[in-house]
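S.K.: any chance you could fold what I've pasted below:
(2 chains)
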2 protein chains.
Amino acid sequence: MARIVMKFGGTSVADMSRIRHAAEFVRREADAGHAVVVVVSAMAGETNRLVALAEDAGPPDPALDARSIEADAVIATGEQVTSGLLAIALQKMGYRARSWQGWQARLKTDRAFGRARILDIEAEALAAAIDGGEIAVVAGFQGLTDDGRITTLGRGGSDTTAVAFAAALKALRCDIYTDVDGVYTTDPRITKMARRTSKLSYEEMLEMASLGAKVLQTRSVELAMAYRVNLRVLSSFVAPDADNPGTIICDEEETMEQRIVSAITVSRDEARISLLNVPDEPGRAARIFSALAAAAVNVDMIIQSPARTSGANISFTIPEGDLERASSAIESLKTEIGYDKLIADREVVKVSVIGVGMRSHTGVASTMFQTLADRKINIHNISTSEIKISVLIHSEYAELAVRALHQAYGLDRDAIGATPS
Amino acid sequence: MARIVMKFGGTSVADMSRIRHAAEFVRREADAGHAVVVVVSAMAGETNRLVALAEDAGPPDPALDARSIEADAVIATGEQVTSGLLAIALQKMGYRARSWQGWQARLKTDRAFGRARILDIEAEALAAAIDGGEIAVVAGFQGLTDDGRITTLGRGGSDTTAVAFAAALKALRCDIYTDVDGVYTTDPRITKMARRTSKLSYEEMLEMASLGAKVLQTRSVELAMAYRVNLRVLSSFVAPDADNPGTIICDEEETMEQRIVSAITVSRDEARISLLNVPDEPGRAARIFSALAAAAVNVDMIIQSPARTSGANISFTIPEGDLERASSAIESLKTEIGYDKLIADREVVKVSVIGVGMRSHTGVASTMFQTLADRKINIHNISTSEIKISVLIHSEYAELAVRALHQAYGLDRDAIGATPS
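M.R.: Predicted structure coming up:
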């Protein structure tokens, strides 16, 4: 009897009618003779409501561990409610089912309340239950510290819970049911030519998750990659017996489609700071970036170029929400760093092309730059990894760039093994 | 350092502003140097919302234990939320505070999900925490089975949680904060002459709770009596530094006010069934009441009187909600029992006078009957215990009877040691 982990997100359990619909998907796996674990999120909107209640009681304060502990106890109730409701719905359909809270399922975490990391799952009792034919409905997003307190894993944590159970139980599959029918070659709101990808490698999915694709949480993909969990993203918004292949995320060797580029992403949560005329002396850049690190700002694409007059211009990107914190951290050191002017720019987006095929194919970068140049799109910054190229451009050109690149890399056509056109 | 248990009901923690107000009462006890346990209910309306969700998932079914288990997991989240929020509010005021869920506080219960009974509290860890100066905010109404499942104690269960902790911790006091300022001589909506009683014996409070006074749950009073817990009912709707003596519920010897009658209650959840001309043969009455027991109907006041023609009339009261179930159980045995006619009457109320003074004073019953006779109020049924007399009358006369009796037993006057007039 193979073990299967299924996960339903907030929109897939938004009300009782959707919970019953989710139960129909569970029924199919149980009837197929599988030992089933279902991981559930809070009903859509519940986590926000609970977070607001906790913040109203006392705003979060990183220095106050005790407050975060209590906020987690409040927020974890969202998943507890869903797990009980889905268990009842399954019982009503004639199945043996029970809910497992984080503390009952023995999902042990560290003490980073609000963003805890999973240390271990003592899954013996749960494994015995599902192998005995009982469906386990696990409250996602929550865990237990060594001293018996409730933790939450941070936004998107239920994906991570599902993958962690799949790893601990050596599950055949970990199916992430959501409100889209798979992972797309790009955002379908930008181009109608976007298509569902049938297979992606862990590495590609990881880049996509970090680069703005919201379908899976980065940590869950990292965990799936580390434990070689067979991950699949598919829709809970179709009939349970509908054709619903979704997108499979697996080892690179298993991804049969040898597209060079698998996806184009666009990340809008970007801002750029440029410092003009920084004296070209050792230690100036180090001073800048240590100040940003001290202010807990995540710096991404960095460019240093000779300034027109003397010294260098240094430019880098950060999450848009960090812009003011970053600007004031640097401005307080203006004399020390010695730049002429700080220019902050919110009107930027990061467009990326991602594909494991880049490892073995040349010309991917030149296709990208030529395609953008043909559309007169100016590139501010560039960063690359083994399997992706990202460019920072003016946000006005975001959609134009995505559509042009989507076509240029042959993603518009329904072809397997397409090469850059 | 004395230990104090404080309990706040749903209306006393209905929103963040009320939770902060409750925290002010906690502050007073903590500042007085007490080791404090606070037991909280769900925010007003939350338990109803959660019960409705669980019932929507699958209506409760006494035969389906598994369903009740899951409903309890859902419903217990209400108290979990409040406990976290109050802990945060106390932390924000500068106190060390933490929430304790039923499973963390080791409140062990039996497996009667939805109406579990407390077996034991393994309170060592919690006792150490409060004796070390940390305020313990306990989620009321919930417990833990031996096999690690969440239970709830049934409506009003948070009162019982509070008393159980007071007993386990040998607390100096158990203060029940609520939306009234104490226990009244009768329902103030019926007569403006109703007054707060400063002291009541456990036995009196127990009769009152069973007879329709909603201020405390019967089980919590039983438990307080068994463990001699110093119980007090007082208001959370006054300023924290206001004069707020409430009503103390304690041993009979300690109740200084030797009123003969302490309270008049009226219970409207009553219906009466009369069976006319039951053959006067052994076993007929037994047949009737065993049928009712089999139908799980709680029978209260029973009268058997000779019928005008032959045989006997048998009349008894039941909770109004059980009327149809009771009627059909009896009607299905009409031939076997052999009565002429079944008369069902919903237009009845039970009015009771309660007081430990009855044990040593005569004339209480005759005062009651005379007072009602003077007002031309017909008495259908009568039942008595050592410290109460109840009469069943037509519901039209409920308020008139209560006002007349309130006056007749001297409760209108602010006198101590008043005797029946």
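
S.K.: could you measure from the residue lying farthest from the centre of chain A over to chain B?
M.R.: Each residue of chain A has a distance to the centre, and by C-alpha atoms, centre = their mean the biggest one is for residue A:309: 42.6 Å. Residue A:309 sits 53 Å away from chain B, taking C-beta to the nearest C-beta, to the nearest Å as the criterion. Bear in mind the C-beta positions are built from the backbone N, C-alpha and C, glycine included.

S.K.: what of residue A:24?
M.R.: In terms of C-beta to the nearest C-beta, residue A:24 sits 14 Å off from chain B.

S.K.: OK, contacts around that residue?
M.R.: By C-beta atoms under 8 Å, 6 or more residues apart in numbering or on different chains, residue A:24 lies in contact with residue A:240.

S.K.: for it, give me the pLDDT.
M.R.: Note on residue A:24: pLDDT of 98.

S.K.: which SSE is it in?
M.R.: Here residue A:24, judged by DSSP states H and E, is contained in helix A:16-31.

S.K.: check which residues of that helix are buried.
M.R.: Residues A:16, A:18-23, A:25-27, A:29-30 are the ones in helix A:16-31 that count as buried (16 or more other C-beta atoms under 10 Å in any protein chain shown).

S.K.: next, count neighbours for whichever residue of the stretch 251-400 of chain A sits closest to chain B.
M.R.: Using C-beta to the nearest C-beta, the single residue of the stretch 251-400 of chain A nearest to chain B is residue A:296, 23.2 Å away. Counted with other C-beta atoms under 10 Å in any protein chain shown, the neighbours of residue A:296 add up to 11.

S.K.: cool, and residue A:331?
M.R.: Neighbour tally, residue A:331, other C-beta under 10 Å: 11.

S.K.: now do the residue lying closest to it once chain neighbours are set aside against residue A:275, distance only.
M.R.: Once flanking residues are discounted, residue A:331 sits nearest to residue A:342: 6.4 Å by C-beta to C-beta, 6 or more residues apart in numbering or on different chains. Counting by C-beta to C-beta, to the nearest Å, the gap from residue A:342 to residue A:275 is 6 Å.

S.K.: count of residues packed around the residue nearest to residue A:34 when sequence neighbours are not counted?
M.R.: Excluding the flanking residues, the one nearest residue A:34 by C-beta to C-beta, 6+ apart is residue A:4, at 4.4 Å. By other C-beta under 10 Å, 23 other residues sit near residue A:4.

S.K.: partners of the strand or helix carrying residue A:4 in the sheet?
M.R.: Per DSSP H and E: residue A:4 is located in strand A:3-8. If you go by DSSP bridges, strand A:3-8 pairs up with strand A:35-40 (parallel), strand A:173-178 (parallel).

S.K.: that strand: how far from the chain's middle?
M.R.: Distance of strand A:3-8 from the chain centroid (C-alpha atoms, centre = their mean, to the nearest Å) equals 18 Å.

S.K.: and stretch A:264-276, by the same measure?
M.R.: With C-alpha atoms, centre = their mean, you get 18 Å for stretch A:264-276.

S.K.: who touches the strand holding residue A:4?
M.R.: A:22, A:25-26, A:29, A:34-41, A:86, A:127, A:130-131, A:140, A:158-159, A:161-163, A:165-166, A:169-177, A:236.
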